[in-house]
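Participant: Just the structure for this:
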Amino acid sequence: MELNIQSPKPNGNGNGHLDTTRKSQSTKTSSSREVHHSIFDPMKYMLKLPKTKKVSLPNGQVRFEKTEADYLPVAARIA
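Facilitator: Predicted structure coming up:
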């Protein structure tokens with residue numbers, strides 16, 4: 001079995017520090033900064049669901065009003 005052992009090479013500045021390749025560092029930072037911007041319009045997927053609302057009148061009577069409620073489906077919420 002053959003071992004491939006390489007000794008670290010100084011960076012040439014005379015300070016004894018090892019040379020780090022900036023290419024590998026910049027690749028790492030650029031990939032972490034890479035953001036996919038997509039404009040998502042939830043209003044395209046919004047549904048109006050019928051809803052019954054209970055309303056108490058001042059004279060003690062109860063009345064039910066039909067209204068609509070906004071609903072965003074699960075698939076659109078995940079997106």
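
Participant: give me the low-pLDDT residue ranges for the protein?
Facilitator: For the chain, the stretches with pLDDT under 70 are 1-37.

Participant: Could you verify my assumption that Asp70 touches Leu47?
Facilitator: Yes. Using CB atoms under 8 Å, Asp70 is in contact with Leu47, at 7.5 Å. (Each C-beta comes from the backbone N, C-alpha and C, glycine too.)

Participant: which residues are in contact with both of the two?
Facilitator: When contacts are counted by CB atoms under 8 Å, 6 or more residues apart in numbering, Asp70 and Leu47 have no shared neighbour.

Participant: I'd like to know how many residues surround Ala76.
Facilitator: 15 (other CB atoms under 10 Å).

Participant: actually Asp70, not the one I wrote
Facilitator: Close neighbours of Asp70, defined as other CB under 10 Å, add up to 11.

Participant: ok, now Gln61?
Facilitator: 8.

Participant: Give me the phi and psi for Pro42.
Facilitator: phi -70, psi -20 (degrees, to the nearest 10).

Participant: Would you mind measuring from it to Arg63?
Facilitator: Per CB to CB, to the nearest Å, Pro42 is found 32 Å from Arg63.

Participant: and those two? which has more neighbours close in?
Facilitator: Per other CB under 10 Å, whichever of Pro42 and Arg63 has more neighbours is Pro42, with 12 against 9.

Participant: Quick check: chain neighbours aside, which residue is closest to that one?
Facilitator: Of all residues not flanking Pro42 in the chain, Leu72 sits nearest, at 5.7 Å (CB to CB, 6 or more residues apart in numbering).

Participant: Assess the claim that that neighbour and Met43 are in contact.
Facilitator: No. Under the criterion of CB under 8 Å, Leu72 is not in contact with Met43, lying 9.3 Å apart.
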